[in-house]
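Trainee: just need the structure, nothing else, for what follows:
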Amino acid sequence: MDMKTILLLIPLLPLAGSVIAGLLRNQIGRAGAHWVTILGVAASCGLSFYVFKLVAFDGMEAINTSIYTWALTDGIKFEIGFLIDSLTVVMMTVVTFVSLMVHIYTIGYMRDDPGYQRFFSYIALFTFSMLMLVMSNNFLQLFFGWEAVGLVSYLLIGFWFKKESAIFANLKAFLVNRVGDFGFLLGIAAIVATFGTLDYAEIFAKAPDAVTNTISIFPGVEWSLLTFICICLFIGAMGKSAQAPLHVWLPDSMEGPTPISALIHAATMVTAGIFMVARMSPLFELSEVALSFVLVIGAITALFMGLIGLVQNDIKRVVAYSTLSQLGYMTVALGASAYSAAIFHLMTHAFFKALLFLGAGSVIIAMHHRQDMREMGGLRKYMPVTFITAWLGSLALMGVPFFSGFYSKDLIIEAVHLAQRPGAGFAYWCVLLGVVVTALYSLRLLFLTFHGKERIEESVRSHLHESPLVVTVPLVLLAIPSVFIGYFTVEPMLFGGFFQDAIQVSPNNDVLAEIGHHFHGPMAMALHAFVTPVFWLVALGSAAAVLIWYWKPQLATWFAQTLSPIQRMLDKKYWFDEVYQFVFARGSLKLGKGLWRFGDAGLIDGLLVNGSAGIVGRLAGFFRHLQSGYLYHYAFVMIIGLIVLIAAFVIFNQGTL
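Mentor: I've put the predicted structure just below:
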């Protein structure tokens, strides 16, 4: 089998499974739907790991190949093609492996759902869409995958379409992403106008020559063209990767079934923006302003979205705000030019975040779909596998030394510390404080769910038991990389030149190279961590969490009452939803009503349509009275007309008479 065939099979096998499960769902039944999609994704995963081996271990050079030309206009080619390099293969393996675990887990979670076949069709289509996005070698295919993951996320968030909150959530996700996608499309249009091509390689080759080009956004104000392009592209990433202020859709995506929450938050959709900026590193490295913008937005998201997780009581929403915060860390790394660290954290985060979401789903199954942690407690003795794997995932998320999250998160913090660009100081303090916040909300979730006094209804307690193997096996398989993958991959991926063919960093911005001078292996890094401020901040957050939610639970109530203004602010999520609803939703409604009243009803209907008809009617009424049918009336009018004509003749010709 030649390489081009293998590359085609990787995205097309999940697509084939999706089509069969969706269109032939009645013929193949429930078992057929999960088998055809799981086999398709499993084969895609196996081929992805094979290609990863060729690139990472066998030294295969990057592949940039066109599959076919879709259209050609004005010298611009619209092609379908693949770019396979170290960055691509990491994304391919992460997407397919996490998706495979989610597919297997779904058999248990969605067992009794009437939309079983439809769900499998959607998640396989999600996998296809994300693979097309990460494997693309041009902006056309990137945009196709970009919009496809948005479409499928809309379908999956609103999967339970009879539930009003689910329909509201998927529409919210769709509309917020349209805002980001508008910026993304502007960036692509500016690229086409500037470089005359959609091909990555050609654009990257021409980009240095466009450094001095400017664009006038407002009259008299000149912007760097590359800065404009990069900021527009990043606005697209803000929508997809849920960065403030376009983050509001992601927590509401919890309205979809738990398996899709894991897939959206761990391997697809939200990682698309991070991947895109890393792929565009040759462009972003040419704009200091754009990188500072990325850095500050990521820092705000990392800290302030994590704080909201402290007051959430829905187990899935705590994990959702954790995702927002961790995406902020990845974005901060991008802004600090540590693109490799961002992708490394994306990879480690995919495993432990999928583990945490699926673990939350396991708890929800056992609790008969109750999600409020205040109704749980003491679940560890009923669900030992879920309990242990949830702890492992949480320790990785907190960045405890030797766990995978430790290596990726600590390197991001150090990279920001070394960065010299504007906003780096602010970002450094945000990510440092974010470490404390992460420990607090992670341990709060564990203590409220698995420890302490049981707060479970008797009707639920009597049926509590560990989830079936089809649920727990994916948890175990995800727990293994959550613990170990950081240790074994940090050195080759970040300090061994693994991404050197895919990511370009200016020597002046290469903070990871500076860190590499002091890196002496993963063991030394983990041991050194015990004397760093980051570890002590993790310890501080952990000690506070143990005191507040384990030893003295009444302290949580005291803090909530004492700090009620802050509690209210976090409960209201900084009033983003209210502001957006007032300004955009209600504002747009009022604007529409105003335009209808003064434009449609007033100007068009009132003046032009009804007004002109009224004028004609009035004139007709006047002239109708003149048509009386009496001869003397007509003679009188003729005499008056003759007098008027004679008078006019005399007035206008009196000089010549």
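Trainee: show me where this protein has its strands.
Mentor: Assigned by DSSP state E, the strands in the chain fall at 63-73, 76-84, 214-218, 221-224.
Trainee: where does the prediction get shaky in the stretch 501-650 of the chain?
Mentor: Applying pLDDT under 70 to the stretch 501-650 of the chain flags the ranges 599, 601-602, 606-608, 623, 625-626.
Trainee: one step back: out of the strands of the chain, nearest to A613?
Mentor: Checking those against A613 by C-beta to C-beta gives strand 214-218 as the closest, at 44.5 Å. From N, CA and C alone the C-beta is placed, and that goes for glycine too.
Trainee: show me the contact partners of the least confident helix or strand in the chain by mean pLDDT.
Mentor: Lowest on mean pLDDT, DSSP states H and E among the helices and strands of the chain sits helix 610-626, with a mean of 73. Residues from elsewhere that reach helix 610-626 (C-beta atoms under 8 Å, 6 or more residues apart in numbering): H633, V637.
Trainee: and it, how far from the chain's centre?
Mentor: Offset of helix 610-626 from its chain centre (C-alpha atoms, centre = their mean, to the nearest Å): 61 Å.
Trainee: which one of the strands of the chain lies closest to H417?
Mentor: Closest to H417 of these, according to C-beta to C-beta: strand 221-224, at 27.2 Å.
Trainee: give me the neighbour count for A396.
Mentor: Look at A396: counted by other C-beta atoms under 10 Å, it has 32 neighbours.
Trainee: revised request: answer the last question for V471.
Mentor: 24.
Trainee: now swap in P468 and tell me
Mentor: Neighbour tally, P468, other C-beta under 10 Å: 14.
Trainee: so it makes contact with G108?
Mentor: Yes: if you go by C-beta atoms under 8 Å, P468 and G108 touch, sitting 5.1 Å apart.
Trainee: shaky segments in the protein?
Mentor: Across the chain, the ranges flagged by pLDDT under 70 are 599, 601-602, 606-608, 623, 625-626, 654-657.
Trainee: re earlier: out of the strands of the chain, which is the most enclosed?
Mentor: strand 76-84 (a mean of 20; mean count of other C-beta atoms under 10 Å).
Trainee: check which helices and strands that one sits against.
Mentor: If contacts are counted by 3 or more C-beta pairs under 8 Å, 6 or more residues apart in numbering; DSSP states H and E, strand 76-84 sits against strand 63-73, helix 116-135, helix 139-157.
Trainee: repeat that with 10 Å
Mentor: Packing contacts for strand 76-84, counted by 3 or more C-beta pairs under 10 Å, 6 or more residues apart in numbering; DSSP states H and E, involve helix 3-23, helix 25-56, strand 63-73, helix 116-135, helix 139-157, helix 200-206.
Trainee: redo those as a markdown table? Include distance to F228.
Mentor: Listed next are those as a markdown table, based on distance: least, C-beta to C-beta, whole Å:
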| stretch | distance to F228 |
| --- | --- |
| helix 3-23 | 32 |
| helix 25-56 | 34 |
| strand 63-73 | 24 |
| helix 116-135 | 23 |
| helix 139-157 | 16 |
| helix 200-206 | 15 |
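Trainee: among these, which comes closest to P257?
Mentor: Of all those, helix 116-135 sits nearest to P257, with 6.8 Å by C-beta to C-beta.
Trainee: relative orientation of the closest one and strand 76-84 in degrees?
Mentor: 100 degrees (axes from the mean of the first three to the mean of the last three C-alpha atoms, to 10 degrees).
Trainee: dump helix 116-135 to CSV, keeping only the CA atoms.
Mentor: Presented in CSV, the C-alpha positions along helix 116-135 are these (Å, rounded to 0.1, in the frame of the first residue of the first chain):
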residue,chain,number,x,y,z
TYR,A,116,-27.7,5.4,19.5
GLN,A,117,-26.9,4.9,15.8
ARG,A,118,-27.2,8.6,15.1
PHE,A,119,-24.7,9.4,17.9
PHE,A,120,-22.1,7.0,16.5
SER,A,121,-22.5,8.5,13.1
TYR,A,122,-21.9,12.0,14.5
ILE,A,123,-18.8,11.2,16.5
ALA,A,124,-17.2,9.3,13.6
LEU,A,125,-18.0,12.3,11.4
PHE,A,126,-16.4,14.5,14.0
THR,A,127,-13.2,12.4,13.8
PHE,A,128,-13.1,12.7,10.0
SER,A,129,-13.6,16.5,10.2
MET,A,130,-10.7,16.9,12.6
LEU,A,131,-8.4,14.7,10.6
MET,A,132,-9.1,16.7,7.5
LEU,A,133,-8.3,19.9,9.4
VAL,A,134,-5.0,18.7,10.9
MET,A,135,-3.8,16.9,7.7
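Trainee: okay, the angle between it and helix 25-56?
Mentor: Using the same axes, to 10 degrees: helix 116-135 against helix 25-56 is 30 degrees.
Trainee: for helix 116-135, packing partners?
Mentor: helix 3-23, helix 25-56, strand 76-84, helix 86-109, helix 139-157, helix 258-266, helix 270-279.
Trainee: ok so, going back, of all the strands of the chain, which one is nearest G641?
Mentor: Going by C-beta to C-beta, the one of the strands of the chain nearest G641 is strand 214-218, 62.6 Å.
Trainee: neighbouring strands - and their directions - for that closest one?
Mentor: Strand 214-218 pairs in its sheet with strand 221-224 (antiparallel), by DSSP bridges.
Trainee: so what touches the partner strand?
Mentor: 210-217, 229-231, 286-290 (C-beta atoms under 10 Å, 6 or more residues apart in numbering).
Trainee: stretch 114-122 now?
Mentor: Contacts for stretch 114-122 (C-beta under 10 Å, 6+ apart): 17-26, 28-38, 41, 103, 106-107, 109-110, 113, 152-153, 155-156, 159-161, 256-257, 259-260, 263.
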